[in-house]
Structures are given as C-alpha cells and as structure tokens.
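Student: Got a predicted model here, sequence first, then my questions.
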Amino acid sequence: MKKLSTLMIIICLFGLLAGCTFNENQITIQKKERKEEYRIVAYKNKIDDTTAVNIQEMLNSDEWVKGGKQQQKPDYKFYFNLYTSEKRMVYLIRIKNEIVTIQPENEYIYLTLNKTNSKEMLDFLKSF
C-alpha cells in the first residue's frame, strides 16, 4: 500500500511538471521568403522571458494609431502560442527604411516603433 501511494505521488508530480511546460513563451514567426512570388515560411521557437516581456511591452504601447489597412504585404507575421481559450492575435510586421510597423491582422490600427525598438525587433526577427 505504501508503494502504491508513493507511485501515485510520483505520477502526480510528473503530471504537474508536464503541465507547467505549457507556460513557456513560444512564438511562431512567419517570414516572407521571396519578393517575386509572395511566400511565407513559418518558424516556431521558444523565446526567453526577457524577450517576451520586451515584445509585450512594445505591443502594449499606447501609441497605436487608427488608420486603414495597409496594402503592402507584410514582411513578417507572428503570434504567441498561448494555451488559453482567448482568440489568438496575429501581428503583421512591415519594414521600411529600418523602421518597423506592427498591425494586428484584420484590424485598422497600427504601431510604428521608434528607432531603438525597431532595431531590437529587427534583431529578434533576424535571429530566426
């Protein structure tokens, strides 16, 4: 009986540990491959907490501007792989003259990052 209870405790601990791994910061990035024919390739990766927090801070900025949908196809798309029932927000990224513009897919708002944040975002995106 003692062995059975010990075994059950170990199984529960493994279950808890396995469940905790779902909280990792994972991101899927899709990158435009060619200019001639528009093709997107996806990359999925775990990112460190500091990078995830920095990106979330950029996205939580109050500098979003209302505007129309941009006609230019995005250079990148990304979204966080959340294991929740919330609707996933896909962000479109366009780069022009080393300045990054972020727009949520199917939304009429956009965010233009300053030079420092643009460089940080570009370094992050080019690491894939």
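Tutor: Looks like it arrived, so ask away.
Student: Heading C-terminal from the helix or strand of the chain with the lowest mean pLDDT, find the next helix or strand.
Tutor: Lowest by mean pLDDT, DSSP states H and E among the helices and strands of the chain is helix 2-20, with a mean of 60. The element immediately downstream of helix 2-20 (helix or strand, assigned by DSSP states H and E) is strand 26-32.
Student: Can you pull out the low-pLDDT segments for the protein?
Tutor: Within the chain, the ranges that satisfy pLDDT under 70 run 1, 4-25, 34-38, 40, 82-86.
Student: 80 - rerun?
Tutor: Counting by pLDDT under 80, the chain contains low-confidence residues at 1-27, 33-47, 62, 68-71, 80-88, 128.
Student: And the strands in it?
Tutor: In the chain, strands defined by DSSP state E lie at 26-32, 40-46, 65-66, 76-80, 91-96, 99-104, 109-112, listed in chain order.
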